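S.K.: Turn this into a model:
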Amino acid sequence: MNDVMQKLPAFVTNHALLVALFVAILVALVAGEVGRLFRKWKSLTPAGLTQLINRDTPLIVDLSASADFEKAHIPGAKNVAMSQFDPETQKDLSKAKELPVVLVDKDGRGLGKAANRLVKAGFTRVFVLDGGTYAWQTAQLPVVKGKK
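M.R.: Residues are numbered from 1 along each chain as shown. Below you'll find the model as predicted:
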């Protein structure tokens, strides 16, 4: 152990770029995990959403593009275009502040900002489906086609 500690400064000096990249990746990972711990919304797996549907009546909001929504969506989901998503002015949303609200899109990316907007608007039970409709279909759970 003592030998390693003696060689460490020389290694760091000789491989400064490698060490800098390692430290940057480590900081990014820690920051991401700390952010995840302190955010006010939760991620759900398809199985977790199924459990939530079975024990509660969540409002499922699909923020996918209209064409993607028509191809396949979770039964009972309401489609709202991401560009028109405003938790303060939409009737369905403003009535559901105490209900669990689950945000879904095609692949689950980009829902964090929408979830933060819901939390900021006073929603207390906000969830995001990890992997979106794609994960739901991969888990072989039912989907509906069409506008409703």
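
S.K.: now the strands: where do they sit in the protein?
M.R.: Assigned by DSSP state E, the strands in the chain fall at 42-44, 59-62, 78-79, 101-104, 126-129.

S.K.: partner strands of the first one, parallel or antiparallel?
M.R.: Spelled out, it's strand 42-44. Here strand 42-44 is paired, per DSSP bridges, with strand 126-129 (parallel).

S.K.: Looks like residue 115 contacts residue 61 (just checking).
M.R.: No. Counting by C-beta atoms under 8 Å, residue 61 is not a contact partner of residue 115; they are 10.3 Å apart. In this view, the C-beta of every residue, glycine as well, is placed from N, C-alpha and C.

S.K.: Pull up the overlap in contacts between the two.
M.R.: Residues within reach of residue 115 and of residue 61 at once, by C-beta atoms under 8 Å, 6 or more residues apart in numbering, are residue 103.

S.K.: tell me which helix or strand of this structure sits lowest on mean pLDDT?
M.R.: Lowest by mean pLDDT, DSSP states H and E among the helices and strands of the chain is helix 91-94, with a mean of 71.

S.K.: Which positions in it come out as buried?
M.R.: Within helix 91-94, the residues that count as buried by 16 or more other C-beta atoms under 10 Å are residue 93.

S.K.: Spatially central residue for this structure, please.
M.R.: Nearest to the geometric centre of the chain sits residue 128, at 4.4 Å (C-alpha atoms, centre = their mean).

S.K.: What distance do you get for residue 121 to residue 115?
M.R.: 11 Å (C-beta to C-beta, to the nearest Å).

S.K.: With that, I have no additional questions.
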